[in-house]
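*Asks:* For reference, the sequence and a predicted model appear below.
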Amino acid sequence: TTYQWTPVTGLNNALLASPLASPGITTTYAAKVTNQFGCSKSGSVLVKVIQPFKLTAKTGYSICEGESVLLTVTGASAYKWINNIQGLSNTTSASVTATPSSTVTYTVVGYDSDECFTDTVQINITVNSKPQVNAGQDIISLPGSSVQLKPAGSNDITRWLWSPADFLSCIQCPSPVSTAARTTTYIVNAFTDQNCMAADTITIKILCNGDQIFVPNAFTPNNDTKNDVFGITGNGASLIKSFVIYNRWGN
């Protein structure tokens, strides 16, 4: 004969058998009913209220041509990447790997578990181009000779790095001088303002067949300032194993 619902918040009438409930948050309503004899009994019902949510994600990235970036979204129970999905490793995950070929905007929609609400976020990825660099043709040189390296590169190059540093006059300049004493392959790395990098190699091959060394077969040590001193001329001599001088009679 009587009904009493508690709490009364969100109910249009707490004394009805079937009130209309509009709670703002998840609420458990308890009902106490009494018959004409004054006997009572209680029961309860849970009204689950799904709240709106907000997606959270980093919305701006900058990468170099050919690179990948991990995109991560949080805040929802399910996700769907829509519209432009080219370059994405997955379209239904909270975390996806993106490998775009050019600057792009990706869109992801989040859903709650009861499909009451959605939220959308857009993620922008700027794809910066890599520089162009050409270290030049390989060079044949004599041991210890000075050779200036002259790479060609695009106008967006702002920083250079050479390796290995062996025999180089500098490693962070565009055109170092090499005095290599052995055959060496150099790697030049060229960077842009966005730290995008391109690389190329050049080999300085050291000539060691003996043609670059000349040993005279005569000299005149008579102090006339002409051919008074005997010596090995040329480049690349590092060790003399035998040194013998004969006079004209073979002594």
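*Replies:* Received it, and whenever you're ready, just let me know what you need.

*Asks:* Backbone dihedrals for the residue with the largest distance to the centre of the chain, please?
*Replies:* Of all residues in the chain, F37 has its C-alpha farthest from the mean position, at 79.0 Å, by CA atoms, centre = their mean. For F37, the backbone dihedrals (degrees, to the nearest 10) come out as phi -90, psi 0.

*Asks:* where does it land on pLDDT?
*Replies:* F37 carries a pLDDT value of 93.

*Asks:* Same question for A237.
*Replies:* 66.

*Asks:* The one 5 residues further on now?
*Replies:* Reported pLDDT at S242 in the predicted model: 85.

*Asks:* The one 4 residues further on now?
*Replies:* Taken from the predicted model, the pLDDT recorded for Y246 is 86.

*Asks:* That one: neighbour count?
*Replies:* A total of 7 residues lie near Y246 under the criterion other CB atoms under 10 Å. (Each C-beta comes from the backbone N, C-alpha and C, glycine too.)

*Asks:* what does I25 give?
*Replies:* Neighbours of I25 using other CB under 10 Å come to 10.

*Asks:* Tell me how far the residue nearest in space to the middle of the chain lies from A98.
*Replies:* Central residue of the chain (CA atoms, centre = their mean): E67, 6.1 Å from the mean position. According to CB to CB, to the nearest Å, E67 and A98 sit 10 Å apart.

*Asks:* what about the stretch 1-150 of the chain, any weak spots by pLDDT?
*Replies:* The stretch 1-150 of the chain contains no residues with pLDDT under 70.

*Asks:* Repeat the analysis, applying 90 as the threshold.
*Replies:* Applying pLDDT under 90 to the stretch 1-150 of the chain flags residues 115, 141-145.

*Asks:* Let me see the ranges of the strands in it.
*Replies:* 2-6, 27-34, 40-47, 56-57, 60-64, 69-74, 78-82, 95-98, 104-111, 118-128, 133-134, 139-141, 147-148 (DSSP state E, counting those that start in this stretch).

*Asks:* Remind me what the first one packs against, helices and strands.
*Replies:* Under the contact criterion of 3 or more CB pairs under 8 Å, 6 or more residues apart in numbering; DSSP states H and E, strand 2-6 touches strand 27-34.

*Asks:* the inter-axis angle of the strand it packs on versus strand 2-6?
*Replies:* Strand 27-34 and strand 2-6 are oriented at 160 degrees to each other (axes from the mean of the first three to the mean of the last three CA atoms, to 10 degrees).

*Asks:* and strand 27-34, which residues are buried?
*Replies:* 27, 29, 31 (16 or more other CB atoms under 10 Å).

*Asks:* Save these as TSV, and put in distance to P7 too.
*Replies:* Formatted as TSV, these follow (distance: CB to CB, whole Å):
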residue	distance to P7
T27	7
Y29	7
A31	12
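
*Asks:* Distance of the closest residue to G234 other than its chain neighbours relative to P143?
*Replies:* Nearest residue to G234, sequence neighbours excluded (CB to CB, 6 or more residues apart in numbering): I213, at 4.1 Å. Distance of I213 to P143, given as CB to CB: 10 Å.
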